[in-house]
Each structure stands twice: as C-alpha cells, then as structure tokens.
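K.L.:
pasting the structure only:
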C-alpha cells in the first residue's frame, strides 16, 4: 500500500462519518419540528374557508 492510498482511505472514512452525522442531525431536526403537529402529517393542511393568507381587496381602495 502506498501512502496515497492510505490517505485516501482515511479521508474517505472521515468524510463518510461527517456526512452520516449531518444526515442524522437533519433527520432529528425534522422529527423535532414535526412533533407538535402530530405524527404522520407531513403535508400542510388545506386552508379553511375564510382564512386565506392573501388579504381581500376592497373595492374603491386601489392606489394608482
């Protein structure tokens, strides 16, 4: 084994551990964020009648 192959193996292990740690942290963050909203509901709920995020435009209030 050459020194180059040993360094490559060490770097590959370090990078894979770092990636796995980041993926696990992301999964934990998503799981923690979703705990208060109930398990299994990943899609946002449909807006109910009268609770639109876009404010209604009243006639006669236009700005030109």
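P.N.:
Nice, I can see it. Here the structure is a predicted model, which is why all the values come from computation and not from measurement.
K.L.:
and residue 8, which of the three is it?
P.N.:
Three-state assignment for residue 8 (DSSP: H, G, I helix; E, B strand; the rest coil): helix.
K.L.:
Just give the number of residues close to it.
P.N.:
11 (other C-beta atoms under 10 Å). C-beta: built from backbone N, CA, C; applies to glycine.
K.L.:
What's the separation between it and residue 33?
P.N.:
37 Å (C-beta to C-beta, to the nearest Å).
K.L.:
now swap in residue 15 and tell me
P.N.:
Applying C-beta to C-beta to residue 15 and residue 33 gives a distance of 27 Å.
K.L.:
need the helices for the chain, in chain order.
P.N.:
Using DSSP state H, the helices of the chain run over 3-34.
K.L.:
Sketch out the low-pLDDT regions of it for me.
P.N.:
36-52, 55-58, 61-64 (pLDDT under 70).
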